[in-house]
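A.B. asks: Got a predicted structure plus its sequence, pasted below:
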2 protein chains.
Amino acid sequence: MLKAEKTKELSYTKPFSFFQIDHFGFHEDGTFKQRYLLSDKYWHQPGGPILFYTGNEGDITWFCNNTGFMWEVAKELGAMLIFAEHRYYGESMPFGEASYSDSKHLNYLTSEQALADFAVLIKNLKSTIPGAQQSPVIAIGGSYGGMLAAWFRMKYPNIVVGALAASAPIWQFPGLVPCGAFHKTVTQDFAKSGYNCEVNIRKSWSAINNISSTASGLEWLSVEFSLCDSLKNKNDVVSFKNWLQETWVNLAMVDYPYEANFLQPLPRWPIQVVCKYLSMDSTASEKRLLSGVSQAAKVYYNYTGSSSCLNISQTATGSLGVLGWFYQACTEMVMPMCTDGVNDMFEPEEWNFQAFSDECKSMFGVRPRADWAEVVYGGKDISAHSNIIFSNGGLDPWSAGGVTHNISESLVSILIPDGAHHLDLRYSNNLDPPTVRVARALEIKYFKEWIKKQKRAHRSHLNSRL
Amino acid sequence: MLKAEKTKELSYTKPFSFFQIDHFGFHEDGTFKQRYLLSDKYWHQPGGPILFYTGNEGDITWFCNNTGFMWEVAKELGAMLIFAEHRYYGESMPFGEASYSDSKHLNYLTSEQALADFAVLIKNLKSTIPGAQQSPVIAIGGSYGGMLAAWFRMKYPNIVVGALAASAPIWQFPGLVPCGAFHKTVTQDFAKSGYNCEVNIRKSWSAINNISSTASGLEWLSVEFSLCDSLKNKNDVVSFKNWLQETWVNLAMVDYPYEANFLQPLPRWPIQVVCKYLSMDSTASEKRLLSGVSQAAKVYYNYTGSSSCLNISQTATGSLGVLGWFYQACTEMVMPMCTDGVNDMFEPEEWNFQAFSDECKSMFGVRPRADWAEVVYGGKDISAHSNIIFSNGGLDPWSAGGVTHNISESLVSILIPDGAHHLDLRYSNNLDPPTVRVARALEIKYFKEWIKKQKRAHRSHLNSRL
């Protein structure tokens, strides 16, 4: 049984607000209902701060439940909490069920439109909620939501006084970081979590290739891994290997120091648990090796013991909008990834933009614009901005595309060496390593500074008008 | 004869570049040819700065010819000059002749799209022109072009190190400044330019109303003003008064201290010349008064003596894209204006958003979004930005919506008390008042600081990589 996540404090209202479907054009003048969650339980009004979660690619209630940090900070700062759902995810569908039907309907799924939604939402709430007009707003987000938080502060410093961008790979764009860095970090996590663990995963790919070359081998693999659908041909084997690769990547993301249920229900330090099954020495047979891989995979997919079989078409919670995110990757969020099998434990695969672009074209009818994100969000040239915390976990593969050094006095990096994907945004836990405790304390210190500065600016503005 | 404007230095190439029609969506994947003018005559390469004119609502060659300041500064700083044309103006038509055909084709005429064009253009030029890669870029613009320059620095500080926003009314949006301030400034210009001048213009409206109430009066007015098309009915009289009002407004904008040809060919200090015809005392008859108004208007419309009649459907150079600008005002650039006849010399007219919106709907099929500009460009809350000079002329009615006080050490205001609309952007002239000379010197001082800072940052970046 998993330890239950704290949920007792999670009471919120679930209002909707109407937004322009297109903030950047006037021909499409329709509006849609955007969902957001609001809790004023701890809010000191008038003027208490607002912590605003810049929702990312999924159901906002899921992010709300996995961002306990905000609930704890709300108590400490007397803050209102708002979790805003990203358009095209969860219940915030611009065209209802037709939203994903074609490139015409998907046209308004962009980060710029989402940021504009957030800006308009805050403007509206501040003008309608009594006591909120002067409330300083801080943007908080993790992963893509962290990128949005950082970009929100960059593009709308009039709306938010600062941002916490947790595990936000704002540099995972073409030409900014090496395409292999991400999988290298994954590999390091496995290398340090158990004897021979990384080595055996690296060896597993050729073992799979060898064994899957015969019909009986395919059958053996399907049974050994308890697959819901048996592997039938080479294409299935490619999917199978991709699924395994994604499994290792996801484990690196959620290598938390305590039992948790983010992408999947998992034990504490799950990679260490996984690696116990992958410590065989070099004399082990291929079948023995793959049996270990199977047991390792089942730690990830069946920790609770409730799965009767493994489904290679799913690797994580259904609360994430996989299709929407793929569309975003196929348009502006172009994030090159590659592997070489030497610096990482995966089969070598180059980054092939043309092939990716063709896949996008056939899937969505659109082609990615590889350079746009750097132009619009500044790439490495972000020093003109201010009041952004970039926190990154040393275990998190996304840290490879993150900001891991201070850029200026107010664009700061916080490193959590033994943290996985935005560990700092989770509820505090007795098993938290000291580094994440320090990180959270530092984050709160910055929040307080931003709030104080804003209140001082507001007072001096009032005085100058007297 | 008008003194010829200096043109000898204006030699430039006229390349085109291809840009996405829609930077913010992927369904419309077409591109269009955007025009820009480039002069590297004075450019010190490698690394010499780039002065980039953020083109506004008109033919870019016209702005180029009226921005002599940039040519003078280029010489002093060893700078490359680029004048980029704004989409939907001049020759930069996304859909050729169909660009203005309906709201679908007009959909991509927004300031955000124009800024994205500029950003992509600079990115492209820096990667293709040898020696330009490290060149610091400074955005310069006047009027709406000045707003774009300021917004460009706010939204793309990765692309431009600073901006000169000359006569840029970035606060002429709903709720930010009183709607009557603009026409009050116009009125003050006339009040101080001649005895009784403002008083007589204020009286002229009722005189027109009285005289135009009879058919013979209409005929008299048409002849007296040498109108190309006689006034026939009340609607014509309304148009006639609007045309006159716009004439006074335009005169306030171009009240330059020397002969110039910006909106029209005009004498030096044209309002003083105009006011000579408007100094009659209170005993003058209505016809006598309106004769004076007619002579005054002819200073503006027929200084060269080449017009055989006056056309009340045009008030300024044809180089400005009036229809495009009206579309922009009907969408995001909502600028409330009002008159009361007391603080100004015009017939009282309230700001009526609903009527304006209805007019937009019938004309373009779109409705304005009154609050958007403040949300997206920050309204009064712009203190988080840096390196923007807001210059304003005390005679210029647009200064009423401009930034006329320092906001921070690097968001500075420069006032030119006896300057009209972006006088500082024009060629220097022997008749320039000292205040504009000081303004230009200060602007260049800031340019040099920005350039120096950027070069220093670049050097320390290089050193840190060694």
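C.D. replies: Sure, I can see it.
A.B. asks: Contact partners for A:Met345?
C.D. replies: Residues in contact with A:Met345 (C-beta atoms under 8 Å, 6 or more residues apart in numbering or on different chains) are A:183, A:186-187, A:190-191, A:198-199, A:201-202, A:248. Using the backbone N, CA and C atoms, a C-beta is placed for each residue, glycine as well.
A.B. asks: Specify the local secondary structure of it.
C.D. replies: Secondary structure, DSSP: H, G, I helix; E, B strand; the rest coil: A:Met345 is coil.
A.B. asks: Next: A:Leu164.
C.D. replies: Under three-state DSSP, the three-state class of A:Leu164 is strand.
A.B. asks: Test of understanding: give the bridge partners of it.
C.D. replies: For A:Leu164, the beta-bridge partners are A:Ile140, A:Ile389 (DSSP bridges).
A.B. asks: hang on, isn't it packed against A:Met147?
C.D. replies: No. Here A:Leu164 does not reach A:Met147: they are 12.0 Å apart, not a contact under C-beta atoms under 8 Å.
A.B. asks: helix/strand/coil for A:Tyr36?
C.D. replies: Going by three-state DSSP: A:Tyr36 is strand.
A.B. asks: Common neighbours of A:Leu164 and A:Met147, please.
C.D. replies: Common neighbours of A:Leu164 and A:Met147, using C-beta under 8 Å, 6+ apart, are A:Gly141.
A.B. asks: all strands for the stretch 151-300 of chain A, in order.
C.D. replies: Per DSSP state E, counting those that start in this stretch, the stretch 151-300 of chain A carries strands over the ranges A:162-166, A:260-261, A:265-266.
A.B. asks: Residue numbers of the stretch 201-350 of chain A in contact with chain B?
C.D. replies: Residues of the stretch 201-350 of chain A found near chain B (C-beta under 8 Å from any C-beta of the partner chain) are A:331-332.
A.B. asks: Right, and chain B sits closest to which residue of the stretch 201-350 of chain A?
C.D. replies: In the stretch 201-350 of chain A, no residue comes nearer to chain B than A:Thr331, which is 4.6 Å away by C-beta to the nearest C-beta.
A.B. asks: Low-confidence regions, chain A specifically.
C.D. replies: By pLDDT under 70, the low-scoring segments of chain A are A:1-10, A:464-466.
A.B. asks: Return the residues in contact with the residue nearest the centre of it.
C.D. replies: With distances taken as C-alpha atoms, centre = their mean, A:Ser143 lies nearest the centre of chain A, 3.2 Å away. Counting by C-beta under 8 Å, 6+ apart, A:Ser143 touches A:56, A:166-169, A:398, A:421-422.
A.B. asks: Would you mind listing what in the stretch 51-200 of chain A touches chain B?
C.D. replies: Within the stretch 51-200 of chain A, the positions near chain B by C-beta under 8 Å from any C-beta are A:103-104, A:106-108, A:110, A:112-113, A:116, A:119-120, A:123, A:155-159.
A.B. asks: ok, of the residues you listed, which come out buried?
C.D. replies: A:103, A:106-108, A:110, A:112-113, A:116, A:119-120, A:123, A:155-159 (16 or more other C-beta atoms under 10 Å in any protein chain shown).
A.B. asks: Relative to A:Ala370, which of the residues you listed is nearest.
C.D. replies: Lowest distance from A:Ala370 to these (C-beta to C-beta) belongs to A:Thr110, with 15.2 Å.
A.B. asks: That closest one and B:His23 touch, don't they?
C.D. replies: No. The pair A:Thr110 and B:His23 fails to qualify as a contact (C-beta under 8 Å) at a distance of 9.7 Å.
A.B. asks: returning to what we had before: excluding sequence neighbours, find me the nearest residue to the residue of the stretch 201-350 of chain A closest to chain B.
C.D. replies: B:Phe26 (4.6 Å; C-beta to C-beta, 6 or more residues apart in numbering or on different chains).
A.B. asks: Check A:Ser222 too.
C.D. replies: Of all residues not flanking A:Ser222 in the chain, A:Ser230 sits nearest, at 4.0 Å (C-beta to C-beta, 6+ apart).
A.B. asks: contacting residues around that neighbour?
C.D. replies: By C-beta under 8 Å, 6+ apart, the contact list for A:Ser230 reads A:218-219, A:222.
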